[in-house]
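>>> how would this look folded up:
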Amino acid sequence: MTPEQILQANGLGGSIAQRLIATNMDISMLRTNAILQKDDWVDLDRRVVKVAQERLSAVSDLVDRDLIYELGGLGKTVSQWQTEGDMSDATVSMEPDSDGIRDLLNLETDEVPVPIIHKDFRLGARQLAAGRESGSPIDMTNADAATRKVAVGMEDLVISGSKNKFSKKPIYGYITHPFRSQIAFVDIGGILQPITVDNFAELILQMIQEADDKDYYGPFILYVPTGLSTILYKIIPNTNGKMLKQHLEEIDLIEEVKVSSRMPKGNLALVQMSSDNVDLAIGQPLIPVEWDEKGGMAVNYKILTAMAPRLKSRQDKTLGVVHAKFKQNRVESPTDPIDT
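Predicted coordinates for the structure are as follows:
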């Protein structure tokens, strides 16, 4: 039975768009067992998740901490949440019948578009037949490459946001949100003053203080680009071999120091990992789907997800993200400073 016949038997004939609408945008309706069998789909799903984890850092940090908001499907194109103002301070008195100041939180609505991040590839009927003969009905090389592209798009969206506007609304990331705290053009990092263990640690303490001044108290994750990762593994003098990364993670407020391949060169981000500061709106978890064309002689595959970071700035225009940016990126070495 062809995919079309299977769908028609379940009352889902017509175009792909018609089928999706009929199933309330249930993308799994594109996953029939006509070409890939059940076990094939299981293997492909596992492969997609495994490969994606190689590229995901900031996204995984949110998911692992259950900082997610399920949208219930692809039919939701926007995610909304309420921002809070503040109340007056509590009354301190000797008698319980003393009148206190009665007020309510001022709630406002904020929102973010939820785009689909996807990468496609196509296999011909002969390729599929050859794969079936070799015991692998789908070329995992293409699936792996497509998954990596989608994972990079997911990670970039959380860290840097998107330059595109969807329905005239932006998607901000950690280092692009207008209400993040900024420490711009850090003096260290030049030829005369390369980045060292001491001045890098001082910068991180400055970032923590900046967050504290805005009433953000952690727990934090510090994201560092790969070009600055070498400084994290330098040994701190007189500490019995302790590396700077270990030292920073011993600070109570810093939960973890992460190296991110998608953090742009010369940038650092200190992010408070709490649901009132950031979470991830998910309309569709990462999934592979298929559909055929050209009379069934070719099969299209798409690796896709629908998600967006929700950075929840307060009404006083503050956010629990501190972004530091270096003028240059020279790290000290045993001999001369080198570019990173």
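
>>> show me the contacts for residue 280.
59, 62, 63, 67, 68, 69, 158, 307, 308, 309, 310 (C-beta atoms under 8 Å, 6 or more residues apart in numbering). Using the backbone N, CA and C atoms, a C-beta is placed for each residue, glycine as well.

>>> Just the buried residues from those residues, in PyMOL please.
Only the buried entries of the contacts of residue 280 go into this PyMOL selection, using 16 or more other C-beta atoms under 10 Å:
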select buried, resi 59+62+67+68+69+158+307+308+309+310
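
>>> so what are the domain limits for this protein?
12-83+108-173+278-311, 181-277+317-339 (automatic domain parsing).

>>> Just the residues contacting the helix or strand hosting residue 164, thanks.
Here residue 164 sits within strand 162-166, counting by DSSP states H and E. The set of residues external to strand 162-166 that reach it, using C-beta under 8 Å, 6+ apart, is 77, 113, 115, 156, 170, 171, 173.

>>> now residue 270, what's its secondary structure?
Look at residue 270: counting by DSSP: H, G, I helix; E, B strand; the rest coil, its state is strand.

>>> Just give the number of residues close to it.
27 (other C-beta atoms under 10 Å).

>>> pLDDT on the strand holding residue 164, on average?
In this model, strand 162-166 carries a mean pLDDT of 87.

>>> likewise stretch 219-230?
Here the average pLDDT along stretch 219-230 is 92.

>>> Just the endpoints, please. Distance across it?
Stretch 219-230 stretches 24 Å from its first residue to its last (C-alpha to C-alpha, to the nearest Å).

>>> can you check stretch 288-304 too?
Taking C-alpha to C-alpha, stretch 288-304 runs 6 Å from one end to the other.

>>> low pLDDT regions in the stretch 51-200 of the chain?
85-89, 95-100, 102-106, 124-139, 185-193 (pLDDT under 70).

>>> Alpha carbons only: can I get stretch 305-315 in CSV?
C-alpha atoms of stretch 305-315 as CSV (Å, rounded to 0.1, in the frame of the first residue of the first chain):
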residue,chain,number,x,y,z
THR,A,305,11.8,21.5,14.7
ALA,A,306,9.7,24.4,15.7
MET,A,307,11.1,26.4,18.7
ALA,A,308,12.1,29.8,20.0
PRO,A,309,13.8,31.1,23.1
ARG,A,310,11.6,33.2,25.4
LEU,A,311,13.8,35.8,27.1
LYS,A,312,11.6,37.3,29.8
SER,A,313,12.7,40.8,30.5
ARG,A,314,11.1,42.6,33.3
GLN,A,315,8.9,45.7,33.0
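
>>> That one: how far from the chain's middle?
10 Å (C-alpha atoms, centre = their mean, to the nearest Å).

>>> The longest helix belonging to the chain packs against which elements?
Secondary structure of the chain read by DSSP state H shows that its longest helix is helix 140-160. Secondary-structure packing of helix 140-160 (3 or more C-beta pairs under 8 Å, 6 or more residues apart in numbering; DSSP states H and E): helix 38-53, helix 58-64, strand 116-124, strand 278-293, strand 298-311.

>>> TSV for those, including distance to residue 266?
Output for the helices and strands packed on helix 140-160, formatted as TSV (distance: least, C-beta to C-beta, whole Å):
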stretch	distance to residue 266
helix 38-53	26
helix 58-64	17
strand 116-124	26
strand 278-293	23
strand 298-311	21
